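Participant: attaching a predicted model along with its sequence, questions to come.
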Amino acid sequence: MGKGPEKDPRAVCEAVAFDAGDLLADRDTRDTSTAPGSRELTEAATASLATELIGMQERLYAEGTGGGRRSLLLLLQGTDTSGKDGTVRGVVGAMNPAGVRIMSFKKPTAEELQHDFLWRIDNALPEAGNIGVFNRSQYEDILVVRVHDLVPESEWSTRYDRINEFEHRVVDAGTHIVKVMLHLSKDEQKKRLADRLEDPTKFWKYKPGDLSERAFWDDYQAAYQDALSRCSTDAAPWYVVPADRKWYRDWVVANLLVAAMRDMNPVYPAADFDVTEQRRLVADLD
Ligand code: AMP
Ligand code: MG
């Protein structure tokens, strides 16, 4: 503790990366061990990471206007109340909304069900120069679908490889993917559900149906374990972010995005006009 607010974002990524042999049950949802210090210090560090992100977002956007093909996708998974919306507000909210597209995936519509499960995902990928956020994703098709037998096992069991192939193609086409599982404890979920019922301004967030999903907690953990270990690839690794403390969650996700954007290192495009000539023309304007 107390080394000051600067931490290497790459080291934070490594601390929360989930490798094929890892166990979700070994991950502490209340962990804050890589935080730069107290809650206050950590929140200040998140704010300065956000400032850096805003600058890099502009460069990525500019690169896209100059013909660049690259984009960034933040994919968020996690149980009800794990903080997917809060993470979007806390980390993505500071960015220029013109270059951000947030997509929430719900129970598929009748039209979506007529297509392959990856159809709606493919259609929602960020355009060049943009930052996309997926609030839930293709992973629902091996999580809720598996837990509730919405399609036969012979079908969902093929989807791990299909997702890996799909993500590989997306990455090859220029989209950097950051996959985050917000890892919440069952106790903290109970607390958050109870809080929502104490505050009339939070009733809108409460869904009685979330209680019946909670009854499948262990099945979801098992489904997550398989999704994380079978779909954490070099092209698109998974990160498991301790989510019981919101300030720590936001700081970790900010680090994941800063690390990704520093790696991408987007560049402002060169002028596609004669700068000297244009300067002369502008100087001569009346
Ligand atoms: P929320 O994120 O709270 O608005 O809830 C969205 C709901 O849609 C969750 O219960 C998800 O499990 C469900 N959902 C998302 N994608 C799928 C899918 N592919 N198949 C079935 N249910 C889904
Ligand atoms: Mg919900």
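Facilitator: Sure thing, it's come through. Ligands and ions are numbered 1, 2, ... in the order given.
Participant: and the contacts of stretch 198-213?
Facilitator: 79, 80, 81, 193, 195, 196, 197, 220 (C-beta atoms under 8 Å, 6 or more residues apart in numbering). (Glycine included, C-beta is placed from N, CA and C.)
Participant: keep only those of those that are in strands.
Facilitator: Judged by DSSP state E, the subset of the contacts of stretch 198-213 located in strands is empty.
Participant: with pLDDT, distance to ligand 1 and neighbour count added, can I get those residues in CSV?
Facilitator: As requested, these are arranged in CSV below (pLDDT from 0 to 100; distance: C-beta to the nearest ligand atom, whole Å; neighbours: other C-beta atoms under 10 Å):
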residue, pLDDT, distance to ligand 1, neighbour count
79, 97, 9, 24
80, 95, 6, 17
81, 96, 9, 23
193, 97, 13, 18
195, 96, 16, 13
196, 95, 12, 18
197, 96, 16, 10
220, 98, 10, 16
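Participant: most widely separated two among those?
Facilitator: 197 and 220 (22.1 Å; C-beta to C-beta).
Participant: quick one: name the residues of this structure near ligand 1.
Facilitator: 80, 105, 106, 107, 108, 136, 140, 141, 144, 145, 150 (C-beta under 6 Å from any ligand atom).
Participant: and those residues, which is the shakiest by pLDDT?
Facilitator: Sorting the residues of the chain next to ligand 1 by pLDDT puts residue 80 at the bottom of the list (95).
Participant: pull out the buried residues from stretch 178-190.
Facilitator: 178, 179, 180, 181, 182, 183, 184, 185, 188, 189 (16 or more other C-beta atoms under 10 Å).
Participant: ok, the fifth one - contacts?
Facilitator: Residues in contact with residue 182 (C-beta under 8 Å, 6+ apart) are 76, 77, 78, 79, 82, 83, 84, 87, 241, 243, 249.
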